[in-house]
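Student: Return atomic coordinates for the entry below.
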Amino acid sequence: MSIISEVGRTVKEFADGSFLKSFTSAVILAAGSGTRMNSDKTKQWIQVGGVPAVVRTLAVFQASKYINEIIVCARADEIGMYASVKEEYGISKLKCVVPGGSTRQESALAGFKRISDKASLVAIHDAARCLITAEMIEATVRVARRDGGACAAQRATDTVKKVDRYMSIIETVDRETVWLAQTPQIFEVEQYRAAAYLAIRDGFKVTDDASLMEHAGFNVTMVDCGKENIKITEPVDLLFAEAVIKMRAER
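Tutor: This is a model prediction of the structure:
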C-alpha cells in the first residue's frame, strides 16, 4: 500500500468514526507492594487527592471512549476490594480481577490472557500512574493503531551520563535520543502475544512491555505525554501528584 493510500485510509477511518470501533482492552497492573512508600497500604491504595490511586486510574480508563474493557491484575489479598470499587465508582468496564504474578512481566501476561477475543489492541498500564488523562490514552491509542505499538513517554531534559559499576562516567549520552518510558504501552494483540511467549521461550526478563516488543523485533513509537504522568513510588511523589491535581482543578 502506498503512503498516499495509507494516509487516505487513516483519514477516512477517523472521519467516519470507524477508528473508535476497534476494540481495545486495558490491563491495569495493581499487584505491587509499595515498600518504598513507608506506608501500611500498598501504593495502589494510597490516597491521592482523597481517592485511592488505583481508583483514580480506573476512573480515567472508564471514561475513555478508546477503552472497551478493563482487566485488573491485583494482589491476591486485595482482589475482593474491587467489587465495591466497581459499584461505588461506576467502573462498568471492569471485566475481571485476576491475581498478579511474582513479577511485573508475569502479571501483565496474566491479565493479557483474560482480554476479549474481540480485542485488536491491548493497553498495559501501571495502576500507580494515576495522573494519566483521557488525552494521553487517546494519543497513545492513535499511534498504536497507526504503527502497531506505542509507549507513553517523557523526553529527557537533563544531561544523561552513562557510568560503570564504580559510578565513574563512561560517556555523555545525546539526550535528544533519550526518552523516559511511561505507561500506557499499547500494542496490536497478536504482536504482543508473539512477543510475550518469545520472551518466555528465551528466558528474557523485562521491566516494561515495550522491551518485549523490542526483543521480538516489533516497532514501538514513543508518544510524548509530558512530565505529569508519574508513577507513585515514593512519598515525595505524593507531593507532586497533589500539586498536579490542584493545578488541573484551577485550570
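
Student: pretty sure Ala153 is in contact with Lys227, am I right?
Tutor: No. Between Ala153 and Lys227 there is no contact under CB atoms under 8 Å: 10.8 Å. Using the backbone N, CA and C atoms, a C-beta is placed for each residue, glycine as well.

Student: Would you mind listing the buried residues in stretch 81-89?
Tutor: Buried positions in stretch 81-89, judged by neighbour count with 16 or more other CB atoms under 10 Å: Met81, Tyr82, Val85, Lys86, Tyr89.

Student: In space, what's closest to the second one - neighbours in sequence excluded?
Tutor: If I follow you right, that is Tyr82. Val97 (4.6 Å; CB to CB, 6 or more residues apart in numbering).

Student: List the buried residues of the helix or strand where the one you found lies.
Tutor: In this structure, Val97 sits in strand 94-99 according to DSSP states H and E. By 16+ other CB under 10 Å, the buried positions in strand 94-99 come out as Leu94, Lys95, Val97, Val98.

Student: Repeat that for stretch 118-125.
Tutor: Buried residues in stretch 118-125, counting neighbours by 16+ other CB under 10 Å, are found at Ala119, Ser120, Leu121, Val122, Ala123, Ile124, His125.

Student: Name the nearest of these relative to Ile71.
Tutor: Using CB to CB, Val122 comes nearest to Ile71 of the buried residues of stretch 118-125, at 9.3 Å.

Student: list the contacts for the closest one?
Tutor: Residues counted as contacts of Val122 (CB atoms under 8 Å, 6 or more residues apart in numbering) are Thr24, Ser25, Ala26, Val27, Phe112, Ile115, Ile186, Phe187, Val189, Tyr192.

Student: That one sits in which helix or strand?
Tutor: If you go by DSSP H and E, Val122 is part of strand 121-126.

Student: Now the next helix or strand after that strand: average pLDDT?
Tutor: Sequence-wise, the next helix or strand downstream of strand 121-126 (DSSP H and E) is helix 134-147. Taken as a whole, helix 134-147 carries a mean pLDDT of 98.
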